[in-house]
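Novice: All I have is the shape, not the residue letters:
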């Protein structure tokens, strides 16, 4: 899932720091999310990230799972 987020960050020319500022997530939260490449992130976290990147939550879904 992090790879999808990273791709969107690059497309939007946004840093992880800026993502944290926009979402209200701390740097440590972003780092832990990235490090774990979480299979089951918290719903609110994903909503905040999707909103910050101006994308649908559907983009995080993996087909066939």
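Specialist: On my side now, so go ahead. Fair warning: this is a prediction, and the values are worked out from it, not measured in the lab. Residues are numbered from 1 along each chain as shown.
Novice: List the buried residues of stretch 6-13.
Specialist: 8-9 (16 or more other CB atoms under 10 Å). The way it works is simple: take the backbone N, C-alpha and C, and place the C-beta from them, glycine included.
Novice: Now do that stretch, average pLDDT.
Specialist: Stretch 6-13 shows a mean pLDDT of 94 in the predicted model.
Novice: which residues touch it?
Specialist: 14-16, 19, 53-55, 59 (CB atoms under 8 Å, 6 or more residues apart in numbering).
Novice: Go again with 10 Å.
Specialist: With contacts defined as CB atoms under 10 Å, 6 or more residues apart in numbering, stretch 6-13 is touched by 2, 14-16, 18-19, 34, 49-50, 52-55, 59-60.
Novice: what about the helices in this protein?
Specialist: 2-11, 16-23, 27-36, 43-53 (DSSP state H).
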